[in-house]
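Enquirer: Need the 3D shape of this:
(chains A and B)
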Amino acid sequence: MPSETESGSVTAGKSATAEPMISLSNVHKSFGDTEVIKGISFDVAKGDVVCIIGPSGSGKSTLLRCINALVPIDGGSIRVEGQEVHDANLDRLALRKKVGMVFQQYNLFPHKNALDNLMMAPIKVLRQDKKEVRERALKLLEKVRLSGKEDAYPGELSGGQQQRVAIARALAMNPDIMLFDEVTAALDPETVKEVLLTIRELAEEGMTCILVTHEMGFAREIADHMYLTDRGVIVEHGPPAEFFDNPKDERTRSFLGQIL
Amino acid sequence: MKSRNSVAKPTDLPVLMPIAERLTRGRGIGLSYDIPRLQLRAWHGLFLLGVLVFFSASAWAQQSPDHPATLAQAFIRWMPLLLKAFVFNIVMSFLAMSLGTIAGVGLGVMQLSPTRPTHAVGWFVTQFFRNAPWLVLLFFCMFLLPFRFSVFGVTVPFPDWIKATLGLALPVMANVAEIMRGAVASIPSGQWEAAHSLAFSRRQIMFGIILPQCIRRMLPPWMNLYAILTMATVLASIVGVSEVMTQTQRVLSAENRPEFIVPFYAFVLLLFFVYCYPIARYTQKLELRYAVRD
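Expert: Okay, here's the model as predicted:
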């Protein structure tokens, strides 16, 4: 029963006993009186692609922000590569060097051109050599099919192009994990494809990814494991085939019914 | 009629125009957001010039044989003095703006500090000086600061105009701090999130990512503040600094000619208009450009 096992054991070729890359257990988070996450637990193994879907306001984006300590949690534990994120003594910067994040609104730095957007963090945060960083940044731009746009400012790029620069910017830090927060939600249908293609390539290269998405078709194709959250809890999870074709929970069925 | 149109507009077809431009034109396609907006124009200065000429004419008409000197002669005699005094106003405005901006940026950084006491002090100082009347601050500086002070036995004079400049720099400082705080707050929170997620420290984010984006946003209100400050330098006349208003009063009492009062003050108005008008226009241009791009 895949829905009973942890995601780590679902992926073939990975030892079930090795510590998962990311491990959430009984995470709680409130904003004021509103509890948005009410006890969520799951594991993500190295190289896994996990997709989280669910109605808006169900805490998906907040959950992602908890993983790289953008949002502090109120209870439970989140471990990333064995490091407790909730720890008061945590070196947040060390954590964030390992976890890249891409946002719905791209959030590129508008006063820097595409290349500088990529190079800023590695030079200023990782203190890497400017020349090496530049080479790597150029390669990354090529990887996201934006060669020739090095000098373009974010305002001069289309939404899809900006989002690909944002992905490359996160990759420039050489992260072990990538978080994608509804990265195609603000894009028009034509440009969604090019962004998804980039993410798919990343997943195929073995990057550990957590995606919050509304792209059901894409999630089904790419995910190793699906989660549906509703009102702060995980309603159902399982491998995509099972999850989409044979949902057990009534809420999953109605949600998928609305979306598909 | 057609040819006249073609000079003004290269095409008769509807043209896509940035919305901010259409807003300021006042006449667009009649949509509800198409509010009319008046703008300072060069000919508004001509109006002042008209006032000057009109009252000069009336002064000329009232000319009596007891006072042989004409208005023109009076103007020629006193022009160098008045212009020199006006330059003094500009010097004071420059100094007050520079001091106020430096102190204001410091205060702004304090206000944005995550440390609570630092933030609280910055907030209090800003609110205090921003909400106090300028003239009250000016009086405080005039009467609380010594007219000279001694450093290591050397007596440094502290003339009135420096005290007045400091008095004017205080509200400028508070306003610059507030402009800066507003600009930082206007940067979308996504910028902070993205920068945090890239492992930048708070200081790096503030100085490398947020503040550089703020400069552009701060420029128009900052220049606006400068124009206001320049006009406020005449307040120094109340505390006896020999700037253009003081000198005009002195000239008028020396001449003792009531019919000269309006032309001379109109001339002072004109001086300020000529100096502040280009600043106001350039500020509007900057505001427009940024409104379109953001």
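Enquirer: how far out from the middle of the chain is the biggest helix by length in chain B?
Expert: Longest among the helix segments of chain B by residue count, using DSSP state H, is helix B:71-111. From the chain centre to the centre of helix B:71-111 is a distance of 10 Å (C-alpha atoms, centre = their mean, to the nearest Å).
Enquirer: Return the mean pLDDT over that helix, rounded to an integer.
Expert: Throughout helix B:71-111, pLDDT has a mean value of 93.
Enquirer: Enumerate the positions of the helix or strand containing A:Lys139 that are buried.
Expert: A:Lys139 belongs to helix A:130-143 when assigned by DSSP states H and E. Buried residues in helix A:130-143, counted by 16 or more other C-beta atoms under 10 Å in any protein chain shown: A:133-134, A:136-137, A:140-141, A:143. Any C-beta I mention is one placed from the backbone N, CA and C, and that applies to glycine too.
Enquirer: show me the residues around the most centrally placed residue in chain A that make contact.
Expert: Relative to the mean C-alpha position of chain A, the nearest C-alpha, by C-alpha atoms, centre = their mean, is the one of A:Leu179, at 1.8 Å. For A:Leu179, the contact set (C-beta atoms under 8 Å, 6 or more residues apart in numbering or on different chains) comprises A:64, A:67-68, A:99-102, A:209-210.
Enquirer: same question, A:Val85
Expert: A:Val85 makes contact with A:66-69, A:73, A:77-79, A:95 under the criterion C-beta under 8 Å, 6+ apart.
Enquirer: Let me see the contact set for the residue minimising distance to the centre of chain B.
Expert: What sits nearest the mean C-alpha location of chain B, by C-alpha atoms, centre = their mean, is B:Ala227, with 1.5 Å. Neighbouring residues of B:Ala227 by C-beta under 8 Å, 6+ apart: B:276, B:279-280, B:283.
Enquirer: Around chain B, which positions in chain A sit nearby?
Expert: A:65, A:68, A:70, A:92-94, A:96-97, A:99-101, A:103, A:105, A:107-111, A:120-121, A:124-125, A:155, A:166, A:169-170, A:173 (C-beta under 8 Å from any C-beta of the partner chain).
Enquirer: Return the members of these classed as buried.
Expert: Of those, these count as buried by 16+ other C-beta under 10 Å: A:65, A:68, A:70, A:96-97, A:99-101, A:103, A:105, A:107-111, A:120-121, A:124-125, A:166, A:169-170, A:173.
Enquirer: low-scoring pLDDT stretches of the stretch 101-250 of chain A, where are they?
Expert: Along the stretch 101-250 of chain A, the model assigns pLDDT under 70 to no residue.
Enquirer: swap that for chain B, please
Expert: For chain B, the stretches with pLDDT under 70 are B:1-37, B:63-68, B:291-294.
Enquirer: if we go to 90?
Expert: For chain B, the stretches with pLDDT under 90 are B:1-76, B:112-114, B:141-160, B:215-217, B:219-220, B:238-242, B:255-263, B:266, B:276-294.
Enquirer: what ranges do the strands span in it?
Expert: When assigned using DSSP state E, the strands of chain B occupy the ranges B:148-151, B:154-157.
Enquirer: chain center to the last one, what's the gap?
Expert: Centroid displacement of strand B:154-157 relative to its chain, using C-alpha atoms, centre = their mean, is 32 Å.
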